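Trainee: dropping a prediction and its sequence here:
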Amino acid sequence: MSISLWGPVLLAFMTALVVLRALLRGKLFGRVVDRPNERSLHEIPTPRTGGLGLMAGILVGWGLLWQPWLLPIGGGVLFLMLVSFLDDLRGLSAGVRILAHFLVAGVIVGNSGITPLWMFPTVLAIVWMTNLYNFMDGSDGLAGGMALLGFASYAAAAWSAGDSQMAQACAVIAASASAFLLYNFHPARIFMGDTGSIALGFMAGVFGFYGWQHHLWPLWFPMLVFSPFIVDATVTLFRRLLRREKVWQAHRSHYYQRLVRMGVGHRKTAIFEYSLMAVVGGCAIWMIGQPLAWQLSGLIAWSIAYIVLALWVDRLWRDNSGSSLL
């Protein structure tokens, strides 16, 4: 990316940094606070308004880009921010939140020109990505770091495919996430809250869909890039369904949460997840240009790797807790 194209990226970083500092000093600090409970991994009350700073950086950076195709996505982000902030502030029912997610995803997909056969699966995939990102926002630095690495991978792949606008839009998200990480890496001074995690999940799904629709990458690419989140959240969901638990309630049974609880800690867990996602993202970018047989082999290899990692954490958990996960 040439120097002349770095303006929106630098603006996003600086805007997020300034707004986050203001939020830490402002009155919202005491009004929207995540207080520790039996399902939390943190020990002191922490403001969860960081998503406002994170999204401010993204939207201002996009404003400097001024690309018409970003307008509906930006509108969807603003709507989800409003709904999520109300949820952070006063609490909304799961039904209202899910309805909002389906509404925004439906509008984006419905106006994309996609064939009717793909509409519902695509909407469902975006809604799942929107929510799983929220599920995975439970440890210092994790969701912010995944945004930095995931959207940086999107940007690199888009740039390699010749779409500089897409590359810039994704680089703006990564830059804003890097500013947020300065305050969110362990020990976190601020959390992103639903305002940030829901919007990031939505963008991960929408940009993944956009890249596939415009032939920037295969359908598997965005799923592999964000696979550390997707695998953890999906496996945990099915396990909770098997145990007949209320899947919409907060819990501490994700793999990353188990690592923290077993003594690995927030910092080392985040670094492990960053390393995993960096390797996955780099491999995914490399795989795009390979023959189909190599792509399939890569996907099979990563599937096996995740099974091995899951079994390893399961065994460590049983050895530490003396109880089966199921």
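Mentor: Done, it's in. Small disclaimer: the values here were computed from a predicted structure and weren't measured. Numbers count the residues shown, from 1 in each chain.
Trainee: from what I see, Ile58 and Ala171 are in contact.
Mentor: No. Under the contact definition of C-beta atoms under 8 Å, Ile58 does not touch Ala171, with a separation of 10.7 Å. Every residue, glycine included, has its C-beta placed from N, CA and C.
Trainee: between the two, which has more neighbouring residues?
Mentor: Legend: neighbour count by other C-beta atoms under 10 Å for Ile58 and Ala171, higher for Ile58 (29 against 25).
Trainee: mind checking which helix or strand that one is in?
Mentor: Assigning secondary structure by DSSP states H and E places Ile58 in helix 50-65.
Trainee: before we move on, what about Gln165?
Mentor: Applying DSSP H and E as the criterion places Gln165 in helix 164-184.
Trainee: the strand or helix carrying Thr269 packs against which elements?
Mentor: Here Thr269 is covered by helix 265-288, with elements defined by DSSP H and E. Using 3 or more C-beta pairs under 8 Å, 6 or more residues apart in numbering; DSSP states H and E as the contact test, the elements touching helix 265-288 are helix 142-160, helix 220-225, helix 227-242, helix 255-259, helix 292-321.
Trainee: ok now the helix holding Ile58, how far from the chain's centre?
Mentor: When distances are taken as C-alpha atoms, centre = their mean, to the nearest Å, helix 50-65 is centred 16 Å away from the chain's centroid.
Trainee: change the start of the numbering to 13 and stick with it
Mentor: Let's use 13 as the start, then, which means that last one is helix 62-77.
Trainee: C-alpha coordinates for it, PDB please?
Mentor: Coordinates of each C-alpha in helix 62-77 appear next as PDB, following Å, rounded to 0.1, in the frame of the first residue of the first chain:
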ATOM      1  CA  GLY A  62     -14.300   0.900  24.400                       C
ATOM      2  CA  GLY A  63     -16.400  -0.100  21.400                       C
ATOM      3  CA  LEU A  64     -17.500   3.500  21.000                       C
ATOM      4  CA  GLY A  65     -13.800   4.600  20.500                       C
ATOM      5  CA  LEU A  66     -13.100   1.600  18.300                       C
ATOM      6  CA  MET A  67     -16.000   2.200  16.000                       C
ATOM      7  CA  ALA A  68     -15.400   6.000  15.900                       C
ATOM      8  CA  GLY A  69     -12.000   5.300  14.500                       C
ATOM      9  CA  ILE A  70     -13.400   3.000  11.800                       C
ATOM     10  CA  LEU A  71     -16.200   5.300  10.800                       C
ATOM     11  CA  VAL A  72     -14.000   8.400  10.600                       C
ATOM     12  CA  GLY A  73     -11.400   6.400   8.600                       C
ATOM     13  CA  TRP A  74     -14.200   5.200   6.200                       C
ATOM     14  CA  GLY A  75     -15.500   8.800   5.900                       C
ATOM     15  CA  LEU A  76     -12.100   9.900   4.500                       C
ATOM     16  CA  LEU A  77     -12.200   7.000   2.100                       C
END
